[in-house]
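[1] Sequence plus the predicted model coming up.
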Amino acid sequence: MSENNVDQKLDQFFQSGIDKRQVEQANAYKTAPTGPYNIQFDTVTPFVGENPKMESQFERLMVNAAANLYGYLDGNPEPRKLGRAFVSLSPENRTWEESGDQDGPSKLWGQAVKALILSGALPGDKEKGVMTEEIAGKHVIEALAATPLRVYVIESFKHPETGKKTTINDGDTRTEVKKLGLNTRNDIVTVSVYREEA
């Protein structure tokens, strides 16, 4: 490259804006494909929701938890970190008005408690996974942080036109989303007992 072209390129760089998409892509969380994973939560944080814009959490006792997701890539025999998954659970049982079904945080709390009983981390009937005595919230939090579990994780993105959360269920969609530079995230949608990989 001639000196004149180098100067021109540098002048252009100093005068123009930086590529916002490049910065976002470089700093985006890595995400794992939709599917089942064995995890151990490394962050378990109880809180009371204070943001009125987050209606399902406002003034509600919640527990946020997060874990790294590991899997096998490109025929590598050693598992590698694929991403990080998040979940919000709540011991405050709430239901959807229209259906009467438990909302997500309530259902996930119930699934987690059952899995912890079945795994022996909490007292209860280990055959049926039911409580046989009162369990203090602090014991559930401690067990969540100390017990390996099995979760089902979805990988999703916010659709650029509709703003709607969209789950990625296949490799082609995943590739296209990555090419478009859209931010993805992993959310835990079910919690169950730890199970060795088949």
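    On my side now, so go ahead.
[2] Can you list the residue ranges for helices in this protein?
    Along the chain, counting by DSSP state H, helices occupy 3-15, 20-27, 104-118, 137-146, 171-180.
[3] what sits against the residue lying closest to Pro160 once chain neighbours are set aside?
    Excluding the flanking residues, the one nearest Pro160 by CB to CB, 6 or more residues apart in numbering is Leu182, at 6.6 Å. C-beta: built from backbone N, CA, C; applies to glycine. Residues near Leu182 by CB atoms under 8 Å, 6 or more residues apart in numbering: 157-158, 160.
[4] burial count for Arg84?
    19 (other CB atoms under 10 Å).
[5] my read: it touches Ala65, true?
    No - under the criterion of CB atoms under 8 Å, Arg84 is not in contact with Ala65, lying 11.2 Å apart.
[6] Just the pLDDT at Leu122, thanks.
    Each residue has a pLDDT score; the one for Leu122 is 95.
[7] Now the phi/psi pair for it, please.
    Backbone geometry at Leu122, expressed as degrees, to the nearest 10, gives phi -130, psi 150.
[8] show me the contacts for it.
    Leu122 sits next to 113, 116, 131, 135, 139-140, 143 when contact means CB under 8 Å, 6+ apart.
[9] among those, which ones are buried?
    Among these, those classed as buried by 16 or more other CB atoms under 10 Å are 113, 116, 135, 140, 143.
[10] Can you add pLDDT and give these back as TSV?
    Output for the buried ones among the contacts of Leu122, formatted as TSV (pLDDT from 0 to 100):
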residue	pLDDT
Val113	97
Leu116	97
Ile135	93
Val140	96
Ala143	97
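[11] Just put those in a markdown table and tack on distance to Tyr72.
    Shown next, in a markdown table, are these (distance: CB to CB, whole Å):
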| residue | distance to Tyr72 |
| --- | --- |
| Val113 | 31 |
| Leu116 | 27 |
| Ile135 | 36 |
| Val140 | 32 |
| Ala143 | 28 |
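[12] ok, now how distant is the residue nearest to Pro160 from Thr173?
    11 Å (CB to CB, to the nearest Å).
[13] show me where pLDDT drops low in the chain?
    21, 24-29, 198 (pLDDT under 70).
[14] which stretches of it form strands?
    Secondary structure of the chain (DSSP state E): strands located at 35-39, 43-48, 61-71, 80-89, 149-158, 165-168, 184-193.
[15] List the buried residues in the first one.
    Which is strand 35-39. 37-39.
[16] any idea which of those is closest to Ile168?
    Checking these against Ile168 with CB to CB, the nearest one is Tyr37 at 15.1 Å.
[17] surely that closest one meets Tyr72?
    No - using CB under 8 Å as the test, Tyr37 is too far from Tyr72 to be in contact (11.6 Å).
[18] Let me know which of the strands of the chain is the nearest to Phe13.
    Smallest distance to Phe13 across the strands of the chain (CB to CB): 30.0 Å, for strand 184-193.
[19] Would you mark the buried spots in that closest one?
    Going by neighbour count (16+ other CB under 10 Å), the buried part of strand 184-193 is 184-193.
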